[in-house]
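In: sequence first, then the predicted structure:
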Amino acid sequence: MHFPSFTLILSGVFISYVLYSIWTIGSLYFPPQCSDVELKTKSCSKAYLKSSPELQLLLFTTVHDRWSRPSDLKFLDRIEVDPEISLTQPIDVPLPLKTRRNGTLFIHVFLTKRSYGANWHAAIDDPTTTYTAASFTEYHVPQAETFNLLKDQQNNDSDKPRKQDGRVVTHLRSKLIINALDYKEPLPRKNLPIDIAQVLSFAPNGRYLPVLHIDLLASRLEDMVPVNTSVSEMPVTVTYSPISFGKLRLWMQFTGALHTLKLMGFTNKDVDELKGIFADTNIVLLCGTFVVAALHLLFDFLAFKNDVSFWKNRDDMIGLSSRTLVWRAFSQFVIFLYLMDENTSLLIVIPSGVGTLIELWKVKKAFRLELKWQNTLLPRIVSGQSRNKEEAETEQYDSLSMKYLSYVLYPLCFIGAVYSLLYTSHRSWYSWMLQSVVNGVYAFGFLFMLPQLFVNYKLKSVAHLPWRAFMYKAFNTFIDDIFAFIITMPTAHRVACFRDDFVFVIYLYQRWLYPVDKKRVNEFGASGEEDSEKKEN
């Protein structure tokens, strides 16, 4: 009896988990319904918004997250709103001295009747008033300043940009989005979802009040403005927007999940990348993004697994370009350092780091490198057995293709580095060197994939390539094209995603051009004729 492989079982479990997660997200958009019996027995609460009240938002600031008496609140602004219509209004936020000295600031929002006007003391005591609060500031390390390495070296020290010391500084949200639940259907008093039951409040007549929610998912790092002692007030754009029952629950779930990620050690940069996926996204696109991300993770795993299996069982380099392997290992390492220097999301950095380790291991395997200790304090790297005739032929084609590529590649990389030094700003000399190398990798890296194409052309064969791993990588490349528009990443890395599409298309064309020959040795070192003989025996 043939049992499924462990990889197949693991893939099935993973896909089942993805489908279950999508179903869970979709179920958030179906609020509990009141039955006819509950409506007759008054076990359901009607919506306060059903009576179409005229409402207003009262905004206050404090330097504490909680207030005990009205004198703790500093009035900020009053905004008249329609519960069903979005509204945007700019306001100026006064900054207390404590906040300007690297302190915090909190925003307190009340949704109350418009009839109270500016009499906010009576408004906040009304039992039909709803309330929410959130932090108006966050602590972040300011973005490192860039400068021209040559021109700024000639200026005085006072003219040079100040270097960042890594100290966190208070940042104010330049955008504030306030949501109010606009659901108007009756809700059962019992069996309410836990997340809604914790924030739902009721009026004296039994109607449930609209839930106020400050949308922190829409607050991105690019919207945070550093605060200093020289500025006494800062402009902020306040947006009121109604929110549906399902989206409110989904946003509350995501906010809690992002807070958990911070406790697990994820940086603000990583959390901000995830916010970019969730913010301003409808449920269909969000579920599609979730599926795409899950497939990307699955194909990454399958590609790594098949790539390792192929090279683990490989004993020769017949038909494989050794220079392409060295280049891929070098470029992966440089890209990994560049992504780390740019503080890119862990969603991009972790797969890049794993890929770098695999590429370095493949170079060791291809060149048969070993560490030997021969009565010395330091080990010596030695190469294994010599190459056979077929490997020597492959090496000859590989060397010939690299000879012509070097005439184009090296001058272009040198010109690009000089241009970047003269006309582009950088944080340091290390940043310029890394940027120059990685630009060469991104812009001309596909040229180093051409030697393998040239070897395939000369041998008129593609059977020596790990096609299973190649196809998973090809699928991931097309998925990367989608992520290039969703996840924030360096522009060069985004362009490289589309560059790889072109290379994979050529590989697929060569696979079609050189059909299967049973006499040709495949990637496992066996021919089709040998397989046929084994089946007959």
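Out: Nice, thanks for sending it over.
In: what residues are up against the closest residue in space to D72 that isn't next to it in sequence?
Out: Among residues not flanking D72 along the chain, T62 sits closest, at 5.7 Å (C-beta to C-beta, 6 or more residues apart in numbering). Bear in mind the C-beta positions are built from the backbone N, C-alpha and C, glycine included. Contact partners of T62, counting by C-beta atoms under 8 Å, 6 or more residues apart in numbering, are D72, L73, K74, L105, F106, H108.
In: out of the residues you listed, show me where the pLDDT dips lowest.
Out: Among these, D72 has the lowest pLDDT, at 82.
In: what is the burial count for that residue?
Out: 13 (other C-beta atoms under 10 Å).
In: could you do the one 5 residues further on as well?
Out: Each residue near D77 was counted by other C-beta under 10 Å, and the total is 16.
In: so it sits against I91, correct?
Out: Yes - at 4.8 Å, D77 counts as touching I91 under the criterion of C-beta atoms under 8 Å.
In: list residues touching both of the two?
Out: Jointly contacting D77 and I91 under the rule C-beta under 8 Å, 6+ apart are L59, V238.
In: residues contacting stretch 71-81, please?
Out: 54-62, 64, 67, 87, 89, 91, 93-94, 96, 107-108, 111, 114, 117-118, 120, 180, 238, 240.
In: show the buried residues in those residues.
Out: Buried subset of these (neighbour count, 16 or more other C-beta atoms under 10 Å): 55-62, 67, 93, 107-108, 111, 120, 180, 238, 240.
In: now do the strands in the stretch 301-450 of the chain.
Out: 369-372, 380-383 (DSSP state E, counting those that start in this stretch).
In: lowest average pLDDT across those strands?
Out: When I compare those, strand 380-383 is least confident, with a mean of 60.
In: could you pick out the longest strand of the protein?
Out: Criterion DSSP state E: the longest strand present in the chain is strand 233-243.
In: that one: what's the following helix or strand?
Out: helix 245-263 (DSSP states H and E).
In: distance from that next one to the middle of the chain?
Out: 16 Å (C-alpha atoms, centre = their mean, to the nearest Å).
In: list the buried residues of it.
Out: Buried positions in helix 245-263, judged by neighbour count with 16+ other C-beta under 10 Å: F245, G246, K247, L248, R249, L250, W251, M252, F254, T255, L258.
In: now those residues in CSV, with distance to S135 and pLDDT?
Out: Putting the buried residues of helix 245-263 into CSV (distance: C-beta to C-beta, whole Å; pLDDT from 0 to 100) gives the following:
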residue, distance to S135, pLDDT
F245, 26, 89
G246, 26, 87
K247, 22, 87
L248, 20, 89
R249, 22, 89
L250, 21, 85
W251, 16, 86
M252, 16, 87
F254, 17, 84
T255, 12, 84
L258, 14, 81
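In: tabulate the residues you listed (JSON lines), appending distance to S43.
Out: Formatted as JSON lines, the buried residues of helix 245-263 follow (distance: C-beta to C-beta, whole Å):
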{"residue": "F245", "distance to S43": "19"}
{"residue": "G246", "distance to S43": "23"}
{"residue": "K247", "distance to S43": "26"}
{"residue": "L248", "distance to S43": "23"}
{"residue": "R249", "distance to S43": "22"}
{"residue": "L250", "distance to S43": "27"}
{"residue": "W251", "distance to S43": "28"}
{"residue": "M252", "distance to S43": "25"}
{"residue": "F254", "distance to S43": "31"}
{"residue": "T255", "distance to S43": "30"}
{"residue": "L258", "distance to S43": "36"}
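In: show me where the stretch 1-150 of the chain has its helices.
Out: Per DSSP state H, counting those that start in this stretch, the stretch 1-150 of the chain carries helices over the ranges 6-27, 36-40, 97-100, 120-125.
In: for the stretch 251-400 of the chain, same thing?
Out: Under DSSP H, counting those that start in this stretch, the stretch 251-400 of the chain gives helices at 268-278, 283-312, 322-341, 346-366, 389-423.
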